[in-house]
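>>> Build me a model:
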Amino acid sequence: MYRLIVPKKSIGDAAVTGFYMNIIKEACELAGGECNVSDMNFEGDKVNDIIIVDDVFKAFTIIRRGYKKIFFWAQGIVPEESYMRNKSKLRFIILSKLEKFVLKRSCFLFLCSKKMKDHYEKKYNMVLDKKSFIMPCFNEEKINENAFINEKKYDYNNFLYVGSIKEWQCFKETVQIYKKIEENSKKDVKLSVFTGQQEEAEEIIKSVGIKNYSISYAKPDELNGKIKDMKYGFVIRKNIAVNNVATPTKFSNYISNGIIPIYSSCINDFYTQDCQYRFGIVYDLEDEENGIKRILENMENKNSCIDMKESCEKWFNNYYNKKYYVKSIAERIKRDSI
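Residues are numbered from 1 along each chain as shown. Here you go, the predicted model:
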């Protein structure tokens, strides 16, 4: 019997973080552990208690406090993300040393993708197979049945963008892509944008000259109801390390609602999975012509709600299968006697 301590802020955090952390918590309980939720000021058994953290700074602090068993969930490659935002080489070097320290001292790692594991192993000259578990980021447990009721859903070419308009999410590039679709499509099309930055988004859209669009915002618990009748959803990214290792949660939102992702193949883990399922449409910023061609060709397909629902269920029976991850993590904990 062991005790797992989960920081309160993480377990009750935003939908994505809380969902992921609860999977780990359930797995530890299934493995026979006693799980306590606490704030960061907890006092526990520094030798036997397992602390689960989702932030490299929290992990470093807890290790420095003397705790020996750390479960660390790496949500992203922190030094590279920082450099992308700040362009500071000194900060990159310091964060890399911090990240390496945490990876080395943690007894178990939760990584978002195989590409992330490969990145760490190559960058820090480590072998992480024995202490890492790979699980994509997602926050949907099953398909949204209401998204497959409207039999005419796939007759309308509705395009969706959900997220912020920060540079790394490629909103400007997405708007340009949609503009080309609007110019070349023989059918009516519409772009629906859900963002908290509505004024900035509208300014960008107007500067491009898009004709048919709407801009709105939805809270996380309202989103499924707002997007369930959409046909396509954009997840465009630049081909850089931060995106190569990522598993955007947006994919699980889209597929849960039967929305066909238009995405960049540099999002390696999803692309690898989709090569098997062939559900999404690849659009790489380096190959604009073929990307537009694929979208326009897909718009000519006759998709039925029944067939699309079956395709989406396959994703949740495998890649986004919460029960599978809970069971598999529990088995690893038991097997490795963590």
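
>>> only C-alpha atoms for contact and neighbour calcs from this point on.
Will do.

>>> Next up, identify which helix or strand the residue lying closest to residue 77 once chain neighbours are set aside is on.
Spatial nearest neighbour of residue 77, excluding adjacent residues (C-alpha to C-alpha, 6 or more residues apart in numbering): residue 242 at 6.4 Å. If you go by DSSP states H and E, residue 242 is part of helix 241-244.

>>> Who are the contact partners of the residue nearest to the spatial centre of the chain?
The centre of the chain sits closest to residue 248, judged by C-alpha atoms, centre = their mean, with a distance of 2.3 Å. Residues counted as contacts of residue 248 (C-alpha atoms under 8 Å, 6 or more residues apart in numbering) are 137-138.

>>> Can you classify it as helix, strand or coil?
Following DSSP: H, G, I helix; E, B strand; the rest coil, residue 248 is assigned to coil.

>>> Number the chain from 19, please
Yes, from this point I'll number from 19; that puts the last item at residue 266.

>>> What's the separation between it and residue 237?
Per C-alpha to C-alpha, to the nearest Å, residue 266 is found 18 Å from residue 237.

>>> Can you name the next helix or strand after the worst-scoring helix or strand of the chain on mean pLDDT?
Sorting the helices and strands of the chain by mean pLDDT, DSSP states H and E puts helix 26-29 at the bottom, at a mean of 60. Using DSSP H and E, the helix or strand that follows helix 26-29 towards the C-terminus is helix 33-48.

>>> Listing partners with orientation, what would you give for whichever helix or strand comes after that following helix?
Using DSSP H and E, the helix or strand that follows helix 33-48 in sequence is strand 52-56. Take DSSP bridges as the rule and strand 52-56 pairs in its sheet with strand 21-25 (parallel).

>>> average model confidence for the strand it pairs with?
In this model, strand 21-25 has a mean pLDDT of 64.

>>> show me where the stretch 119-268 of the chain has strands.
126-129, 150-152, 175-180, 207-212, 231-234, 250-253 (DSSP state E, counting those that start in this stretch).

>>> mind checking how far stretch 245-257 is from the chain centre?
Centroid separation between stretch 245-257 and its chain, computed with C-alpha atoms, centre = their mean, to the nearest Å, is 13 Å.

>>> So residue 194 versus residue 223, what's the distance?
From residue 194 over to residue 223 (counting by C-alpha to C-alpha), the distance is 9 Å.

>>> between those two, which one's more packed in?
Remark: of residue 194 and residue 223, residue 223 carries more neighbours, 23 against 17, as counted by other C-alpha atoms under 10 Å.
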